Structures are given as C-alpha cells and as structure tokens.
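A predicted structure for the sequence below; I have some questions about it.
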Amino acid sequence: MPHKYIRSILNIYVDSPIDALEDHSKKVIEAADRLSEMLDRYLEGNIERVEELCRIINDLEHDADKMKQQFQLILPNSVVIQLDTNDLLDFLKSQDRIANNAQNAAHWMTLRSPEDLPQDVKDELRSLMKMSMACIRGYEKVMTGLEKLEVTSYSKVEIQKLVEQIPEIEKQEFEVDMFEVHVLKTLFKHENEIGGAGVYHVVRLIDNIGDIADQTARSVDIMRKILIKKT
Amino acid sequence: MDILLGVALVLAGLYMAWNIGANDLANAMGTSVGSKSLTIKQVIILAAVFELAGALLFGGHVTGTIAKGIVPLDKIIEISPLIVTVGMLAAILAAAFWITLATFYNLPVSTTHSIVGSVLGFGIICIFYGYIAFSDIQWIVLVSIVASWFLSPAIGAVLAYIIFYIVRKRFLTKSENVPGIEKKFIWLQVATACFIAFAHGSNDVANAIGPLYAVFEIYGYGGFGPLTLTQVLLLLGAAGIVIGLSTWGYKVIDTVGNKITELTPTRGFSAQFATASVVLAHSFVGLPISTTHTLVGAVIGVGLAGGLSGVNLKVIKNIVNSWFITVPVAALTCMVIYFPLAWFFL
C-alpha cells in the first residue's frame, strides 16, 4: 500500500510567516556581513577577493528577492494569521532593501581602485562600516527574538523585551549619520590628492554604507509598529 | 444466516475499523506526538486501552442509532431477515469503498457521515421495494444527526478558543518562563490524549460495528460468556481500530506529529480537551459525529485564539463540501452494491 494512503488534518496548518521573515533576514544579514568583509579586502587592495565577494553578495540579494516573492504564496486569502499581512509585507520590502543597499555598495566598490586613498580615510571607512554593522547586529537580535513570540503566543513580556531593543538600534543609526559627516570632512581634506572622481567615488560609498544603517533602522521601526499592535 | 454473509460482514466491519484506526484515531492522537508529550509507542498503548474502554462503556448508544435509529429494521425483518443482512453488508461495503477512495485522495471525508449515508441508502432501497413507507425513515433522527455534524466542529472551535484563551491570558502572556509552563502542561496533554481516545471509542467504533450489530441481533446471537452481543462487537470494533492504528496509523501519527510541532502541550491540550468533550457529549445522547471534523474545528479555535501562527480556513470549505457529497454518494454506492448482492443471496 502506498504511503500516501493518508487522510490527515495537516492542511489546516500554514507555514509560519515569522519563520519566512527570519529566513529572509538571514540572507540580508549575510549580504551585509559579506559587504563588511568586502570593504576590508577592498581597502587592502585584494581585488580578486573583492570580485568574488561581489558575486556572492549578488547571489544573496537574488536569493532574498526570490524568498520575498515566495512569501506572498504562503499567505493566500484563506489563511488567517496573527499579524497584519500588509504590515508584514511592508517589513519584508524594507528588509529586502538592506540587501539591495549592500549590493549597490558592493557594485560601487568594484568601480574604482582604492590605491590613492589616504590611510585616515581608509580607517574612517572601516569605522563607518563597523558602526553600520552594529545596527545590523541589533536587528539580527530582534529577528531572532521573533521566534520566541510565536512560542509564547505573543506574550506581552516578550514583545516588550523586543521593542525595548529598538531605540538602541535607532541611536546607533543616528551615530552612523553623524559619523558620515565626519568621514566626508576628512575626505574633503584630501580632495587635491585623490581628485574629483576619487572624492565622488568615496562619497557614494559612504552613502551606500550609511544607507544600510538607515534601512535597518526603518525596518525595525516597522517591526515595532507590528509588535505594538499585538499588545 | 448464510455463513458467507456473516464472514463478509465481520471482514467488512474490521476493514472499516482498520481505516478508522489508521487515519481518524491517528489524527486525533498525532497532536500528542507533535508536542513531544508522548512517543508513538506510548500513544498506541494508551489509545488501545482507552479506545476499548470508551467503546465498552459508552459505545452502545451510537451503535444503536446507526443500527436501528435511522431505518426501522424491525419492519424489514418481518418480511425477511436476509434483506437486512444483505442491506447492511451493502451499507458497510459502500462506506468502506468511499472511505478508501477519500483516503487515497486525502479528502476530509468522515467515516461517520459515510456509514450514515450508506445506511440511509439501504433505507431508500427498502422504500423503493415497498418494504417500508417513506415516513418510516426516522427523518427527525437523521436531521438531528446532520445538524450535529454542523454544530460539533463549531462547538469544538468555540470551546477550544475559550480554553486556549484562558491558558494564554492566565499563563503564557504573563510568564517569564513559557517553556516551564509548557512542561507542566505535558501531563495534562497526556491525560487529554487518553480522554480523546476514550471519546473516539465511544463514538466512532459504532461506524464499524453498527451494521454488524443490526444483523447479529436478528439471528439471536446472545454474546460470548459474560459479554453481551453489543460488548462483543464493540470489542471487535475497538480491536480493529487499534490494529489500524498500530499497523498503519503510526505513519499518519508520525507525519502529523512531525509537521505540527507548533501544537505545543498548552495548544494540544486545548484542542484535544475540547474535541474529546464534544465527542463524548454526543456519544452520551447517541449522536454519531466526526471526531476528525470536530478536531479540525478545535485546532482552528486554538489558532484563532493566538495559538498558531496561522490557520488555513480553506479546509472549512473542503469539509463543508464533503458533508454535502458524502451522504448522497455513500447512499448511491450502497444502492449500486445492494442490487448484485440481492440478486445473488435473495
């Protein structure tokens, strides 16, 4: 007798949208992590590894896009979930843009050699990336905490714990914005050494790295709205 | 009674019982495995004990309804007991055929609805031949049975919603240690696993042995030793169900249990307690209902109360469709099977 001789009640259950969001966030976080490594290799002048990491980030961004499209398939109209579907889709789109920003930064980095960059600009770019990655780490912690919410049926205590983590991420994002200005000032001190094209390249790179922190803060802000609705 | 007919009836009854154990009971018990409250082996042992107990202690009422509550067999027996024997064999074969087909296609068809439909099919044949009048069919009983099919999943859903809502508000949302609470609920869920097997035995065993009881009673079989005929047949049906659970149902339990890990002890307890309470209440008044459909209602109730990340309400549409299809199809199949059997035996 074939194994499919089964009448089960399994089709009541739906795949958890929170699990799907978490899976998507893992791709986004990996893309950001790879970008951080890519900046280090770029500033060291290891172009071969930079090209390789750029390809990896492209793949991660593409995977995240596919997961974003599949997310809508697990939520047909007949499915009733604990959270607002539109809010979840907004969050997903926002989260996906973090990977897009990482990809933009990766592409931009490959366009120009870093040979003529002064050491203090290099150091500050590294610091800027480190600060953006601090936002990513905070967001990663929030995403990991979501799993606990389902287990506890959206316990107010657990929601509160997660929501309390968000202002710290926003503070870090503000610090990234301030530091961007500082890096730009340092950069313009060297405008004669690296020329207009060099300055423009680094300005856009600073923007792209800063955008990762901005987008991360926007995403956790949407998540806060989603969570507060459950309290 | 023709020995061939007797053997065929027992085998068909056992096949129905096997199917009920392999799928329906397995679904009902699967939640305990999913929440890791019990292993599959423990589930089978508990199910065997409590299914038998439920059948023996409360199974008589529903058996009586299926055997004699819908079609007035006494009037047909006066014409010829063989007509009832052939009719009941056709009914049980029709229900078994429809259930087999539904299982292959994973349709949410109920064994209860199938057997009620096929017994009604035999009643219609009797009207067609003029053995009984149209008004002799116990339409009020039939309407009560059908109404209970609509009501039982709804009551299951409301009850499970209330139970889980209380558990959630009282324990889960306030606690700092939810895993600790879940751990405490493991024993409650083990108790409700026993309760659901008991309730299932009290209601669903009748689906397999109701027609057998109707026939064997005609021929005056008085039972075996200290056991009455009803008890012997209930034991036979419960044994068939447990065999179904242990020879095939464990695969269903495994499939269901592994995929619904979301149904933690607090959620499993709520769904199973609500289902078992609704089923047992119906057994008490002799109404045959679908344990599986009630469980579906209860799981939806738990889901809507915040116990699951989501529920797919499409399953409700599929179940409602199955209500409207099962009774006519089972009745028609019974008629199709009856004619060649009648030609051969009558």
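Cool, the structure landed. Numbering: from 1, shown residues only, chains lettered A, B, ... in the order given.

Partner strands of the lowest-mean-pLDDT helix or strand in chain A and their direction?
Lowest by mean pLDDT, DSSP states H and E among the helices and strands of chain A is strand A:79-81, with a mean of 90. Counting by DSSP bridges, the strands paired with strand A:79-81 are strand B:310-312 (antiparallel).

who's in contact with residue 29?
The chain I'm using is chain A. Residue A:29 makes contacts with A:136, A:139, A:140, A:143, as judged by C-beta atoms under 8 Å, 6 or more residues apart in numbering or on different chains. Backbone N, C-alpha and C define where each C-beta goes, glycine included.

You answered for a different chain; I wanted chain B.
Going by C-beta under 8 Å, 6+ apart, the list of residues near residue B:29 reads B:43, B:46, B:47, B:193, B:196, B:197, B:245, B:249, B:253.

distance of the spatially most central residue of chain B from chain A?
Nearest to the mean C-alpha position of chain B, counting by C-alpha atoms, centre = their mean, stands residue B:204 at 3.2 Å. Separation of residue B:204 from chain A (C-beta to the nearest C-beta, to the nearest Å) stands at 13 Å.

on that earlier part again, most neighbours, which of the contacts of residue A:29?
residue A:139 (27 neighbours; other C-beta atoms under 10 Å in any protein chain shown).

before we move on, the earlier item: quick check, nearest of the contacts of residue B:29 to residue B:323?
Nearest to residue B:323 among these: residue B:196, at 22.0 Å, using C-beta to C-beta.

Spatially, what comes nearest to the closest one if we skip its sequence neighbours?
Leaving aside its chain neighbours, residue B:196 sits nearest to residue B:276 (4.2 Å; criterion: C-beta to C-beta, 6 or more residues apart in numbering or on different chains).

Surely residue B:300 touches residue B:311?
Yes. In this structure residue B:300 lies within contact range of residue B:311 using C-beta atoms under 8 Å: 5.2 Å.

and for those two, which residues touch both?
Taking C-beta under 8 Å, 6+ apart as the contact rule, residue B:300 and residue B:311 both touch residue A:12.

Helix, strand, or coil at the most far-flung residue of chain B relative to its centre?
Relative to the centre of chain B, and counting by C-alpha atoms, centre = their mean, the farthest-placed residue is residue B:176 at 40.4 Å. At residue B:176 the chain is in coil, as set by DSSP: H, G, I helix; E, B strand; the rest coil.

Not counting residues beside it along the chain, what's closest to it?
Spatial nearest neighbour of residue B:176, chain neighbours left out: residue A:157 (6.1 Å); criterion: C-beta to C-beta, 6+ apart.

My guess is the one you found contacts residue B:177. True?
No. In this structure, residue A:157 is not within contact of residue B:177 by C-beta under 8 Å, at 10.0 Å.

who's more crowded, these two?
Neighbours per residue, other C-beta under 10 Å: of residue A:157 and residue B:177, the larger number sits with residue A:157, 14 against 9.

Reduced to three states, what does that one come out as?
Secondary structure assignment for residue A:157 (three-state DSSP): helix.

Start and end of stretch A:72-80, how far apart?
End-to-end distance for stretch A:72-80: 13 Å, by C-alpha to C-alpha, to the nearest Å.

How about stretch B:294-314?
With C-alpha to C-alpha as the measure, the first residue of stretch B:294-314 is 16 Å from its last.

Over to stretch B:68-77?
12 Å.

Tell me the buried residues in that stretch?
For stretch B:68-77, burial by neighbour count (16 or more other C-beta atoms under 10 Å in any protein chain shown) applies to B:68, B:69, B:70, B:71, B:72, B:73, B:76, B:77.

For the second one, give me phi and psi.
The phi and psi torsions at residue B:69 (degrees, to the nearest 10) take the values phi -80, psi -20.

How about it, nearest residue that isn't a chain neighbour?
Among residues not flanking residue B:69 along the chain, residue B:141 sits closest, at 4.9 Å (C-beta to C-beta, 6+ apart).

give me every residue that touches that neighbour.
B:65, B:69, B:70.

Nearest to chain A, out of these: which one, please.
residue B:65 (23.5 Å; C-beta to the nearest C-beta).

can you pull the pLDDT of the closest one?
pLDDT recorded at residue B:65 is 95.

Show me where chain A has its helices.
Ranges of helices in chain A, per DSSP state H, are A:17-44, A:47-73, A:85-109, A:119-151, A:156-189, A:191-229.

and the angle from the first one to helix A:119-151?
Looking back up the chat, that one is helix A:17-44. If you take axes from the mean of the first three to the mean of the last three C-alpha atoms, to 10 degrees, helix A:17-44 sits at 170 degrees to helix A:119-151.

So for helix A:17-44, what gets flagged as buried?
Buried positions in helix A:17-44, judged by neighbour count with 16+ other C-beta under 10 Å: A:17-18, A:20-21, A:24-36, A:38-43.

quick one on the thing from earlier: the contacts of residue B:29 in strands, which ones?
Judged by DSSP state E, strands contain none of the contacts of residue B:29.

Now, the residues you listed that are in helices?
Short answer: the contacts of residue B:29 in helices (DSSP H) are B:43, B:46, B:47, B:193, B:196, B:197, B:253.

any idea how far the first one is from residue B:21?
To residue B:21, residue B:43 is 12 Å away according to C-beta to C-beta, to the nearest Å.

before we move on, back to that, pull the contacting residues for the residue nearest to the centre of chain B.
Shown in contact with residue B:204 (C-beta under 8 Å, 6+ apart): B:20, B:24, B:25, B:111, B:112, B:241, B:291.

So for the host helix or strand of the fifth one, mean pLDDT?
In the assignment (DSSP states H and E), residue B:112 maps to helix B:111-129. Over the span of helix B:111-129, the pLDDT mean works out to 96.

and what of stretch A:152-163?
For stretch A:152-163, the per-residue pLDDT values average out at 88.

Now do the contacts for the residue nearest the centre of chain A.
Centroid-nearest residue in chain A: residue A:98, 3.7 Å away (criterion: C-alpha atoms, centre = their mean). Applying C-beta under 8 Å, 6+ apart to residue A:98 gives the contacts A:28, A:31, A:32, A:136, A:212, A:215, A:216, A:219.

mind running it again at 10 Å?
By C-beta atoms under 10 Å, 6 or more residues apart in numbering or on different chains, the contact list for residue A:98 reads A:25, A:27-29, A:31-32, A:61, A:64, A:135-136, A:139, A:211-216, A:218-219.

Equivalent analysis for residue A:214, please.
By C-beta under 10 Å, 6+ apart, the contact list for residue A:214 reads A:97, A:98, A:101, A:132, A:135, A:173, A:176, A:177, A:180, A:207.
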